[in-house]
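Peer 1: All I have is the shape, not the residue letters:
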C-alpha cells in the first residue's frame, strides 16, 4: 500500500544548528509541522529538568522531531540512490516507502507531554498510545492533514510508530538500537548541553547504513563508526541523562506532583482547568494537548501560595533549583534507609515527600535475545559476502558494554541534612548522627568500635 | 570604595556550550545565581519569539547573564595580569574592581521579564529600572546576598548598570559598543539559532582589549578582530533580529496583548492574578517577578477559549505560529495603507488589530557624537605610542556602516489577503484588488493606464 | 559536444577536514587523481611560505583541487535537481555538462609548481599555460586518462580552464568572483591557518547559487550569504595573504632565487638537474613536473654550503625563518629609500639582495567594468521576477569594498638595522641614524629642528 | 635545582588551529623555536605517509611540539594556582619546575627525523638519543640557547626526556599514559585528518588533572573524561594509525630504502651527500640535521631515473601513491605465505622487495605491571579522601581495553596479483591460482574438494 508524493512548488529549509538545515520537499510534511498538535511540541523540553544542570539544554521535542525527520529523509535518499529494490523480496529499499517513513519519523514523539517520564508514572498516561490517538483521531488537525494524502495514511503512519507496519526496514529506521531517533537525540542533546560525548561520526554512519531483508544494518567498513556511536550513547547516559542532580530534580518534581494530587483531593488546590483534569483522573485528549512546560510551571508558581506547606516548599524547590542531596546505596546499605528516614523525620521533613530511592540503569547495547522484548533489535554488520555479524562479536568495546547495565541506585534527601552546625547556626546532634552514615557520596554501615576481644 | 573577595573553598564550573565552562570562584557569584530572582531568568527566553523562526533559539536570559559574567571575569583576569594599575590615575586597571564588575555583569539583565520589548511598550515597565530595584530592594533575596559582601555593595552594583559608577572602565566593560554583553549575545544567539554570522574571533578580542583612562579600548594589532566583530553584529541584525517573520510574530504578540487589555477592561477575561495586575495597571515588584514566558503562554492558551473572537484568534496565531504577511513600504507608499486597510476590513479583519507598521533600523556602529546620547561610546584603537584612533578611521568596512541605519519599514496584514481564488475556494474580487498593490515583497503604486495625453 | 559518464562500481570517498568527504563516482575522476601529474600536487603547498606565520598551513594544492572538485560536484547536483534545462537556450543547466565541469574543477590548478608567484616572476613560467599543456600533451598520464573519455575531452577540459569553453555557466563555476575555487580556498586556508575569518555560510551559498543565461548568480534570499562571503574574502586577504611576515619571507625567497640565478651563471652552483634547467633558462615540461617544495628546499639546503656568502645567508634565512623587517611607505616617503639603502649598505648588506619594496593590494570585489579585463565578472543577485541586480547595489558592505584596493606598500630590510646598541653589542651610529626614519612601523620624514621662531 | 625565569617584554602568540593560540612568555621558549634545529621540524611530517590516506594530514613535528608545550604550560599554570606545594614532599606542585617542564615539552621530539619509524629501523638511528645529543652538544644552536638560562639547564631538560629527572610529576607530564604529548597528538591528528575520533574533552581533562607524590593523576569527578580520552586513543589507532593503506605505504617506503642501501653498495646510486652518509653507515649529527621529508623525496625522485629497475619502480610507487595490496593472516595461514610468494615471483616480482608481513598491535591502555617496562604508568583516579584507584577498576570500557592488544597482522603484495584476466589483458592462470587464497580481505586455506562421501 503506497502513498502519493505531492511536492511543494518551493522547497522549504529550516535552519537547524545540529544538521545545518532541515529540508522540506513534501507538502504533507510542511502541513504536519503547521498543525497545532505539532506546534505545541515547541513548549515541551526534550530533556525536562536537565537544563537545571546543563544550562543550554532548553531544546524542545519540536526540533528533535524535525531532526529525526531530516535524518530519515537523508537515509531514504541514500537508500533510493544506492539500494533501490528491483523486485519484491530482494531485501533492498522500495523508494515508495519514503513518504510514510518521513511522516512517522516526524511524528514519532507527537504523543509526548511535559516531563513525560514523571507525568506518565503519576497520571497513567502513555505517550505512544496518545501519539497514535492524535494521529488517528479524526478531530485532530494532524489527522486531517494526513488524510489529505490518503484515507489510510494516518493508520499507516501510526502503525510504523506502533511497530506493526509490515516493512521492517521502515520500522527499524525509526525505532531500533541504531535508528534516526537515537542518532538525532545524541547529537542534539550533546550540542545543547555542550558536552563533547555525542560527537560520533554521523556523516559516516549515514554512508554505511543500508537496508536488508529484516531491517537495516551497516556495511563492514563502517564498523568503527557504529562502535563509536554506541560508546557515545553510553557516555551520554553516564554524563548527562543519569547526572545525579538531574535525577534529584526529577525526584523533587515527582514528589511535588504526588503532593499536588493529595492536596487536590482535599479540595483546596488552585489549579488551571486542564491540569485539574489529570489531578482528578478524568482527562481527555484536549486536556492533554493543552498542557506543556509553561502550564506546569505556572501551576507550580501558584502552588507556592497555596496553603499547603509541603506543596509550597516542593514547588519552590523545583522552580528555583533546590535539588535534594543524594548518596549511593547498594543491596546491603538499603537496609539503613529506614533508620535514616527517622532522622529526616525528626529534622522536620515528611519522608514520604522528602526522600526517595531511584535507580538509573541503562543497557548501552544489547545483542540478540530471542525471547526478550527487544528481540531482533541487535545491530548487524554486513560482510563483503552479504553475511551479517552481530556488532559485539566484532568490537571489544561493544562487547564490554553488551548486556551490562550501567548506573547506580541512590537515596535522595534534603540537603540540609548534610550541613554542619556552623552552617545550620543551631546545634542539633541529629544532623551529626545522620552524617556519620554518608561518606564519599555513599551510604555506609557504621562499624561499631571494637569494644574488646 | 572596594569590596572584599570571599572565595569558595571549591570553585564551581558550569558547562556552557558557548564558552566551554563558566568558572565561579567567588561565593557571592554562586549565591546570586541561587536566588529566586536570578533563577526565574531560566524561564525567560533571550530572543522571545525568535525560536519560531530559528527553532534552536530557546536559550534564556539565565545563560546569557552567566556568559556576560564569564567574559567579564576573563577580561578582568587578563587586565589584572597585563595592565595592573601602579598608582591612581595611571589609566590602568585596578584589580579591586573585579568583584563589582563581575556582579554587575551577572546582573545586568536581571530586570528583564517576558517579551521585554513588547511588554514594556504596552505596560510601561522598564527593565533597567526594575533591575536596579531588584538589586536594591531589601526584600529581595538578591539584595540580601549582595549585602553580605558589604552594606554598600548593592548600590555599587546597581550604579554600574545605571552607568553612574565612577570608574568608566567598569561601566564600559558592561555597556559600550564592544562590551561583554554584546560579545556574549552575538556568539550565543549565533550558536543557538545555528547561523554562522556571529563567529567573530572572540579569543583574539579578549587578547587585544585593554583599559585606558576613559574606559576600554583595543590595541592596534587587533583592529581586524574588532572590525570583524562589528560586521558580525551588523549581520546578526540583518539575518536574525530583523528577520521579517520574527518581526511579524512580535506584531501578533503586540496586538494580542493590546486586545487583552481591552477585553480585560470589559471585565470578562480569564487571567492569572499576576498578569491581571498588569492589565489593570496596578502591579508591584512581586507581580513582575512572577511572570515569565510560561505564565504568558498559559494565559494565551486560556484566552483561546475566552468569548472574544479577536483575542482567541490572535492567541491561536501566536501559540501556533501563524504570522502575518508583510510587505516593505517607503515614505511614498505609506500613503496607500489607508486604502489597503479598507480591503482588509472588507475581508473581515479589524485593522486596529490585524495590521501594523514597524520599522527595524539598527545603527551597526556609531562613532563619536559629542552631543548625542551615545557620546563617547565609540570604539578606540590604541596605537604603538599610546594615542587613540577611532575605529571607523581605520576600517573601510566600519566606515561604510558608521552612522548609517540599516533596515526597513514593513506593513503587516493577514496572510489570507495574498491567497488566490483557488486557495480561498471562493471568488472575491477584493483579494485581487489588494494583491495588485503587492509586488516582489513591497507595496507599490498602481500606475493608471495611460488614458490619453 | 557532450561526454559519456562512466560510473565506478563502488563510489570512493576521501576524508576531507573541510568538506567532510570528497565523493568520487566517475571513473575518470579517480583515474585523474592517480596520475603522477596530479599526485605531485601533494608536494606543493597551497600557500607557500605562509606556514612560517600560521604554523598549521601546510595544506597542498592536492587537497584544494579535490575540494574545488567536490564543491563543483555538489553545485552541479543541485543544478541538475532544481534547474534542469528543458530546451536549449532557456538559461538553465544542462546536466550533461557535469563531467567536463568536474574535471576542469579538479584540474584548474594542475599547472602550479612550487612558490608559484615568485617562481613565475623569476623564471617566466605560467601556471595556466602549463596546466593546459599538461592536459593536452599526449605524453602525460593525465592526457591518456582524459582521452579514455573521448579524444576531444582533453581540449574541452583545457578550454574551460582557459575560459574559452562555449558554456559560460561551466566557466563561471570554476572562475569568477564567486566560484568553487574561491569558496574552497577561503574555507580551507581558514581551517589550516586556524583563523576564523573564512567562515562564511558555505552550505547556504550552495543552496542559493543558480544558473542563468550568462553564467551563475544567486537568488535574492541569499544576498546576505554572498555579502558574508565577500567580507570573508576581504578579511582573509588582510589577515593572512597580506600578512607582513608572509610577504617578508616571499621577499627573502625572491632574493634567494635571484642570487641563485646570478651565482649559477658564474658556473659554481651545486644544484639538482631539474632546477638547473630553470636557472639555465632551458627547461621542458618534464623538468617542471619534477620540481616541488621539497626539491626547492633541498637545493636551498645545499646552497647553505655553496661558496657564495650572500646565497648561503639568504638560504639560511629562508630555511630557518629569519624574515626581513619592514616598514610602510607611501608616495612621499618612498623618496627616502635611496638614503636608507646607503645606511644598509654601510652596515654590510648589498641592497640589491637585502632590500625590496612590495605592494599588496587586493580588489576585494569588483563590479561591472565594461571595458576592464574582468568585464562581466560581477556578482548578480536574481530577484523574484528573474531580473538581476549587481551585488554592490544591494549591500552597503560590498559597496564599501567595491573597486577599492586594500593594502599597503612596504620597504623590507635586514632586521638588525632596528636593533639597539645593547643588542648589537657594538656601538655604531649608523643604526641610530637609520632608526630615526622608522616610527610606528612606517618610514617617516625627519623634521628638521626648528631653525628659528 | 631550579632555573630562573626570564620573561619577554611582550608575550608572543602563535595561531594554532588546535589550541587557538600558543602563548609564549619566556624568552628561552622563543629562542628555542628560532634555532635551526627546531625550525627544521617544519619539514618533517608528524604522520609520515598518512597524508596519502587522509589528505589533510600534512601537519609537522613543529606544530606538535608547540602544542605539547602549550598544554604543558596550561597545566603548569593550573597546578601553580590550585595545587602549589607548601613544603617539600607534600606531593603538590612546585611552580619553579615550570620552566624545565615547558622546555622539555617543547623539545620532547627534537630528535625526530623523516619517517622516523622506518628510518630508525633501517639505519639504526634513535630519535630519543639524538634528541638528547642535540640538546647537550655544545655546538648546537639549541644548546647555546639553553645554556643562557643556566649551564646545567641543557642536562636538566635532557634528563626529563630521558625520564631520569628527579621530579616524577615533570616526567609524567611529558611522558605517561595520559601526558601532554598524547593529548596533543590525538587532537591534532584528528583535526588534520578530519576524523572525529580524537574529540575527547580536552578542556575538562585540563581541569581534572592534578599532581600527587608519584606523578600526575585525575580527580574522580573527571573519570569519564579520562575514559573518553582512552577510548579516543583506541579509536585513532584503529582508524588512522593502523589504516591498512597507511601501513602499506610504510612497507613500500621500507622496501625502497632497503633497496637503496643495496644499490648504493653496488656504487651506482645518485644520492645527496647527507643521505649518502646514512647509506654508507657513516653519519654524524650534522648529516642527521640536514635530512628531512623534502630531501628524502628529492632522492626518491632522482632514483626513479637510476638504472636499477626495482629501485625506480619502488620510488615511483611511493612518490605517486601506488600502495601494495594486503590481506590479513593468522598463525595458521602464515604458513601459506611461502607458497604465495612463489606465485608472486613467477609474476615477475622479487618477493624480497615486493612482499612483507607487518603487525599492528597497540595496547590502548595498560594498567599496573610491576615488572613490566611500563611499570607505574597506569592512570590513577584520586578519590575524595585522597586515595588512588587505577582507572580500569572504575571504567568498564577501559577494563575492556586494558592490557589487550588490538590490531592485526597483514601480508602485503603487488596489487596486480588481485586483478582479473580482463583487467590484466592477458590470460595467466597464476593470478587465478593466487586469488583463490584471498577471500574477504584475508588469506585462507583452500579446502580440498570432498574426496569421497
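Peer 2: Received it, and whenever you're ready, just let me know what you need. Owing to the predicted nature of the structure, the values given are computational and were not obtained by experimental measurement.

Peer 1: What distance do you get for the residue of the stretch 301-450 of chain A found nearest chain D to residue A:186?
Peer 2: Going by Cβ to the nearest Cβ, chain D is nearest to residue A:400 of the stretch 301-450 of chain A, at 2.9 Å. All C-beta spots, glycine's among them, are computed from the backbone N, C-alpha and C. Per Cβ to Cβ, to the nearest Å, residue A:400 is found 19 Å from residue A:186.

Peer 1: How about residue A:347?
Peer 2: Using Cβ to Cβ, we find residue A:347 at a distance of 41 Å from residue A:186.

Peer 1: out of those two, which sits in the busier spot?
Peer 2: residue A:186 (22 against 17; other Cβ atoms under 10 Å in any protein chain shown).

Peer 1: tell me which element the closest residue in space to the more buried one that isn't next to it in sequence is part of?
Peer 2: Nearest residue to residue A:186, sequence neighbours excluded (Cβ to Cβ, 6 or more residues apart in numbering or on different chains): residue A:198, at 4.4 Å. Counting by DSSP states H and E, no helix or strand carries residue A:198.

Peer 1: Tell me how many other residues surround residue A:198.
Peer 2: A count of neighbours around residue A:198, defined by other Cβ under 10 Å, yields 24.

Peer 1: And chain C, is stretch A:212-231 touching that?
Peer 2: No. Using Cβ under 8 Å from any Cβ of the partner chain, stretch A:212-231 never reaches chain C; the gap is at least 9.7 Å.

Peer 1: got the end-to-end distance for that stretch?
Peer 2: 24 Å (Cα to Cα, to the nearest Å).

Peer 1: chain center to that stretch, what's the gap?
Peer 2: Remark: stretch A:212-231 is offset 23 Å from the chain centroid, using Cα atoms, centre = their mean, to the nearest Å.

Peer 1: Next, the buried residues of it.
Peer 2: By neighbour count on 16 or more other Cβ atoms under 10 Å in any protein chain shown, the buried set for stretch A:212-231 is A:212, A:215-220, A:222-231.

Peer 1: Repeat that for stretch A:279-292.
Peer 2: A:279, A:283, A:287, A:288, A:289, A:290, A:291, A:292.

Peer 1: Filter those down to the ones in helices?
Peer 2: The helices, defined by DSSP state H, take in A:279, A:287, A:288, A:289, A:290 from the buried residues of stretch A:279-292.

Peer 1: Now the second one. Nearest residue, chain neighbours left out?
Peer 2: Think residue A:287. What sits nearest to residue A:287 in space, not counting adjacent residues and going by Cβ to Cβ, 6+ apart, is residue A:277, at 4.1 Å.

Peer 1: Check the first one too.
Peer 2: With Cβ to Cβ, 6+ apart as the measure, residue A:264 is the residue that lies nearest to residue A:279, at 4.1 Å, once sequence neighbours are left out.

Peer 1: Secondary structure element for that neighbour, which one?
Peer 2: helix A:244-265.

Peer 1: repeat for residue A:331
Peer 2: Going by DSSP H and E, residue A:331 is not part of any helix or strand.

Peer 1: phi, psi of it?
Peer 2: Per-residue torsions, residue A:331: phi -50, psi -40 (degrees, to the nearest 10).

Peer 1: Now do the lowest-mean-pLDDT helix or strand in chain A: which elements does it pack against?
Peer 2: One helix or strand of chain A scores below all others by mean pLDDT, DSSP states H and E: helix A:421-424, with a mean of 76. Under the contact definition 3 or more Cβ pairs under 8 Å, 6 or more residues apart in numbering or on different chains; DSSP states H and E, helix A:421-424 sits against helix A:429-435.

Peer 1: how about the helix it packs on, does it get close to chain D?
Peer 2: No. Using Cβ under 8 Å from any Cβ, helix A:429-435 never reaches chain D; the gap is at least 14.2 Å.

Peer 1: Excluding its own residues, what touches that helix? List them.
Peer 2: A:340, A:343, A:344, A:346, A:347, A:416, A:417, A:418, A:419, A:420, A:421, A:424 (Cβ atoms under 8 Å, 6 or more residues apart in numbering or on different chains).

Peer 1: Next to chain C, which bits of the stretch 201-350 of chain A? Give me the list.
Peer 2: A:203, A:207.

Peer 1: Poorly predicted segments of the stretch 351-453 of chain A, please.
Peer 2: Residue ranges of the stretch 351-453 of chain A with pLDDT under 70: A:362-364, A:366-376, A:403-406, A:448-453.

Peer 1: so who does the residue in it that chain B sits nearest to touch?
Peer 2: Closest residue of the stretch 351-453 of chain A to chain B, Cβ to the nearest Cβ: residue A:415 (11.6 Å). Each residue near residue A:415 by Cβ under 8 Å, 6+ apart is listed here: A:322, A:323, A:324, A:325.
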